[in-house]
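A.B. asks: Below are the sequence and a predicted model; questions follow.
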Amino acid sequence: MFVAGFPAVFGTNCYVVAPAPGEQCVVVDPGIGAVDQLDELLAEHRLHPAAVLLTHGHLDHTFSVAPVCGARGITAYVHPGDRELLADPSKGFTSDINQFFKGQLSYTEPDDVAELTDGATISLAGLEITIDHAPGHTGGSVLFRLPAAGSVWDADQICLSGDVLFAGSIGRIDLPGGSMPTMLTSLREKILPLADDTVVLPGHGPQTTVGRERTSNPYLRQAAEPDEVGPAAPRRGW
């Protein structure tokens, strides 16, 4: 198992996952300004993208999906709950954010899009990837889970969490499609059952583990104790 990544614009983490260097890979969340860094990473490790996986439909995670897919004739995968955001990213933002982006970015929808199904395991690039629908940040947010065997981590599995779970926090829930009650349900039903040694690779910020977040993340504690009054809604991530 080979995993590498880098932060693109707005600190959005883009990852590549492959069975080994020199093999096919999947690209996860190629955001704004990701193309050049991604091309360098792929060339360095002799990797060949077979698909792009999107944890959700926000522009800071999807902006480069069309050029990455189009240059290689590959498919982009997204949950149907966020499919419309690939056609019109403005639907995922408030008017002030849309005004900020107005005229600054030229976005193109990918040609070939396939939908992800909750609970399904898909085989891509020699990898077995399990999909967990985890709405709350957006209606179509998902987790990608893979066995960690052969990776640098002494763990059973890896979870690419997008903006569902960060080290010490969660993705913001005040944008269209966001909901704190729904997010807490996703944390309770999709994150808390995972083993403590599960390595979490988030959409923003450093990697962590489920065990570390279980003991220190106030939102996970709130999800575990539904009657507990939690912290204010986070503003981190888009």
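C.D. replies: Happy to help now that I have it.
A.B. asks: Next secondary structure element downstream of the longest helix out of those in the chain?
C.D. replies: As assigned by DSSP state H, the longest helix anywhere in the chain is helix 35-45. Heading C-terminal from helix 35-45, the first helix or strand you meet, by DSSP states H and E, is strand 48-53.
A.B. asks: Could you list the buried residues of the longest helix of the chain?
C.D. replies: Neighbour-count burial for helix 35-45, counted by 16 or more other C-beta atoms under 10 Å, picks out 35, 37, 38, 41, 42, 45. (C-beta placed from N, C-alpha, C; glycine too.)
A.B. asks: What's the end-to-end length of stretch 176-189?
C.D. replies: Start-to-end span of stretch 176-189 (C-alpha to C-alpha, to the nearest Å) is 22 Å.
A.B. asks: ok, residues contacting it?
C.D. replies: Stretch 176-189 is contacted from outside by 81-82, 91-94, 134-141, 164-165, 170-173, 219-220, 222-224, 226, 230, 233, using C-beta atoms under 8 Å, 6 or more residues apart in numbering.
A.B. asks: Return the subset of these lying in helices.
C.D. replies: Judged by DSSP H, these include 219, 220, 222, 223, 224 as members of helices.
A.B. asks: dump the residue contacts of residue 157.
C.D. replies: With contact taken as C-beta under 8 Å, 6+ apart, residue 157 is in contact with 145, 146, 147, 148, 194, 195, 198, 199.
A.B. asks: Show the buried residues in these.
C.D. replies: By 16+ other C-beta under 10 Å, the contacts of residue 157 give 145, 146, 148, 194, 198, 199 as buried.
A.B. asks: Could I get the residues you listed in CSV, plus columns for secondary structure and distance to residue 120?
C.D. replies: CSV is the format used below for the buried ones among the contacts of residue 157 (DSSP: H, G, I helix; E, B strand; the rest coil; distance: C-beta to C-beta, whole Å):
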residue, secondary structure, distance to residue 120
145, strand, 11
146, strand, 14
148, coil, 20
194, coil, 17
198, coil, 19
199, strand, 21
